[in-house]
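[1] Okay, sequence plus prediction incoming.
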Amino acid sequence: MAAHTPLPPNLRRGLVAFSGSLFITNKTQDSGTAHIYQPAHEVLASLPLQVMLYFNVYYFPVWCLAEGMMLQLKYHLLPWHYQFLLVTAFLILSLAEGSRLYLGYLGNLQEKVPELAGFLLLSFLIQLPLLLFLLTDSQVIHLPLEMPMHSLFLAFLLAEIVAAFLALKTMTKQLAAQFYLQHFQEGRRGRPGGTGGQAAEVG
């Protein structure tokens, strides 16, 4: 199986910062450190999200084929500006969906926060507005097959946004806990037997 292409470092840092600003709250009071400790590894991947991604991967080519055929049938009936809008929306949806599903698989299965944040941003900022445009604009000329196809695509999209949001929240909190634990352990290693050294000098 081909190796996954990593995201650019600047993009990874930006997505980590974005997810951290959403989910990490200020819970660093010195009220004790027992709550910081975590098990060796807790599986954070979301099973509901993975199931939806699995079926979406198979549904997407069907949607592409059906929408391409419908667009060809009604193309000559549309005003020129709607011809341009629909072709552009179809191309952007198709290209972005491939990247979105790839980031979703990678971010969820490998528990990578930047990739899952990218999946969430693509879903919410690109796919959702374009799909709502195709569903709600009366000038699009909806053919009978288009409404159920778009509606099922929208159902997948909304469910994946909710599941990815919850999974990203869990992963971000886990990363924050590991970060605080690492700094706590480094602080303890930075003070190796401080009282013991003083006792040796007194003796």
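    Arrived safely.

[2] buried stuff in the helix or strand encompassing residue 86?
    Counting by DSSP states H and E, the element that carries residue 86 is helix 80-109. Neighbour-count burial for helix 80-109, counted by 16 or more other CB atoms under 10 Å, picks out 82, 85-86, 89-90, 93, 96-97, 100-108. No exception for glycine: its C-beta is placed from N, CA and C like everyone else's.

[3] Now do it: which elements does it pack against?
    Judged by 3 or more CB pairs under 8 Å, 6 or more residues apart in numbering; DSSP states H and E, helix 80-109 is in contact with helix 47-74, helix 113-122, helix 128-136, helix 146-189.

[4] Compare those and give me the one nearest residue 8.
    Closest to residue 8 of the helices and strands packed on helix 80-109, according to CB to CB: helix 113-122, at 9.9 Å.

[5] for residue 160, what are its contacts?
    Taking CB atoms under 8 Å, 6 or more residues apart in numbering, we find residue 160 in contact with 49, 52, 53, 56, 104, 123.

[6] hmm, 10 Å instead?
    Residues counted as contacts of residue 160 (CB atoms under 10 Å, 6 or more residues apart in numbering) are 46, 48-49, 52-53, 56, 100-101, 104, 108, 119-120, 123, 127.

[7] among those, which ones are buried?
    46, 49, 52-53, 56, 100-101, 104, 108, 119-120, 123, 127.

[8] quick one: contacts for the closest residue to residue 152 other than its chain neighbours?
    Once flanking residues are discounted, residue 152 sits nearest to residue 59: 7.0 Å by CB to CB, 6 or more residues apart in numbering. By CB under 10 Å, 6+ apart, residue 59 lies in contact with 52, 149, 152, 153, 156.

[9] In a markdown table: the buried ones among the contacts of residue 160, plus distance to residue 72 and pLDDT.
    Formatted as a markdown table, the buried ones among the contacts of residue 160 follow (distance: CB to CB, whole Å; pLDDT from 0 to 100):
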| residue | distance to residue 72 | pLDDT |
| --- | --- | --- |
| 46 | 37 | 88 |
| 49 | 34 | 94 |
| 52 | 29 | 96 |
| 53 | 29 | 95 |
| 56 | 24 | 96 |
| 100 | 25 | 96 |
| 101 | 25 | 95 |
| 104 | 29 | 94 |
| 108 | 35 | 92 |
| 119 | 30 | 95 |
| 120 | 33 | 94 |
| 123 | 27 | 95 |
| 127 | 22 | 95 |
